[in-house]
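**Q** sequence and predicted model, in that order:
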Amino acid sequence: MPTISIVFGILLSALGLGAYVGTGSESVTALIPAFLGAPILLCGIIAGIFSKARMHVMHVAALLGLLGTAPLAMALPKVGTLIAGTAERPFATTMQLAMGTISVVFLAFCVKSFIDARRARKS
């Protein structure tokens with residue numbers, strides 16, 4: 001799970017940096033995915049180094065992944081206007097969809113990992 005956290009942290013950080021550069025470095029809000037990805041990346045590194053803290057750190061990473069799904073809820077109602085080409089800020093909506101989707105996939109990996117760990121402890 002630490003490796004998955006590192007990968008998704010890098011993905012979110014790259015998305016945020018790419019969005020920031022893609023908007024001409026005008027708005028700091030384009031870095032929001034990076035602000036979420038960096039702590040997830042850090043959690044993955046810490047969990048990989050300190051095995052005793054792995055469970056707690058991975059729960060923090062999962063919570064951050066859950067927070068990352070919020071933009072998806074904000075962007076889903078705008079998908080129709082995005083497809084129609086009438087969206088007010090199409091790049092922002094696309095970045096929200098991307099961040100939310102990455103976070104949902106990461107959260108699914110977290111939940112699967114937690115279930116597998118619980119089953120392994122029982123047996």
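**A** Done, it's in.
**Q** which residues in the protein form helices?
**A** Using DSSP state H, the helices found in the chain span residues 2-22, 32-49, 54-67, 70-75, 79-84, 90-122.
**Q** buried ones in the fourth one?
**A** Yep, that's helix 70-75 we're talking about. Going by neighbour count (16 or more other C-beta atoms under 10 Å), the buried part of helix 70-75 is Pro71, Leu72, Ala75. Any C-beta I mention is one placed from the backbone N, CA and C, and that applies to glycine too.
**Q** and what of the third one?
**A** Buried positions in helix 54-67, judged by neighbour count with 16+ other C-beta under 10 Å: Arg54, Val57, Met58, Val60, Ala61, Ala62, Leu64, Gly65.
**Q** now swap in the fifth one and tell me
**A** With burial defined by 16+ other C-beta under 10 Å, the residues of helix 79-84 counted as buried are Leu82.
**Q** please apply the same query to the last one.
**A** Of the residues in helix 90-122, those buried under the neighbour-count criterion (16+ other C-beta under 10 Å) are 92-100, 102-103, 106-107, 109-110.
**Q** which strands and helices lie in contact with that helix?
**A** Here helix 90-122 touches helix 2-22, helix 32-49, helix 54-67, helix 70-75, helix 79-84, going by 3 or more C-beta pairs under 8 Å, 6 or more residues apart in numbering; DSSP states H and E.
**Q** now Thr23. Its backbone dihedrals?
**A** Taking degrees, to the nearest 10, you get phi -90, psi 10 for the backbone angles of Thr23.
**Q** would CSV of the buried residues of helix 54-67 with pLDDT be doable?
**A** Shown next, in CSV, are the buried residues of helix 54-67 (pLDDT from 0 to 100):
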residue, pLDDT
Arg54, 91
Val57, 96
Met58, 95
Val60, 96
Ala61, 96
Ala62, 96
Leu64, 96
Gly65, 95
